[in-house]
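1. Below: sequence and its predicted model.
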Amino acid sequence: MGYNEYGHPRFDTVRTEAGELLYRLKYKGRKNALDELVTVSAASIRNWRPPIDAIVPVPPSKVRAIQPVLLLATGLAEELDVPLRDVVQRGQSPKQLKGVFDYHERIKLLENVHNVTSTALRGKSVLLVDDLYRSGATLNAVTEALRTKGKVSAVYAFAPSRTRSAS
């Protein structure tokens, strides 16, 4: 649709219900969107029925006043009555991935960035929760850490929304 006053491209964006709720929570700071986002996401997970023992949030990539990934994972753990295990930490800070569009470059930037702080999930099946899916690079990197360092048996990934274009 052209460019805004800062030179950024503008899009005629149509969001899914979950995408709109996530947008309000993440970019507008509206915590009132969280309950509905959790309800919609939990319904999707119940329909999917992955056999999980715990929910693990992807560590946030940016410091925000409201951390949507953590809020969503916490809400899902309560709604689905599954324990939340915040056992993955981001190590050295990679370059901000938002402007990196090449999948292989994203993977390279994420190599060995995530640490697993506990082996309490050894042999368990987990639901890895992120707020937004773009290319899958972050989910793949965290999954690798959970499998190799955390020794989990299975990882199922969930994100309620995806960007308008995958890398």
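-> Happy to help now that I have it. Numbers count the residues shown, from 1 in each chain.

2. if I look at residue 19, how far off is residue 108?
-> Distance, residue 19 to residue 108, by Cβ to Cβ, to the nearest Å: 28 Å. C-beta coordinates here come from the backbone N, C-alpha and C atoms, glycine included.

3. if you go through the chain in chain order, where are the helices?
-> 17-28, 34-48, 68-80, 103-110, 137-148 (DSSP state H).

4. related to what we said a few turns ago, who has more neighbours out of residue 19 and residue 108?
-> residue 19 (18 against 12; other Cβ atoms under 10 Å).

5. residues contacting the more buried one?
-> Shown in contact with residue 19 (Cβ atoms under 8 Å, 6 or more residues apart in numbering): 160-162.

6. Quick one: the helices of the chain as CSV, columns for mean pLDDT and distance to residue 61 too.
-> Formatted as CSV, the helices of the chain follow (pLDDT from 0 to 100; distance: least, Cβ to Cβ, whole Å):
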stretch, mean pLDDT, distance to residue 61
helix 17-28, 79, 12
helix 34-48, 93, 19
helix 68-80, 95, 9
helix 103-110, 76, 10
helix 137-148, 92, 7
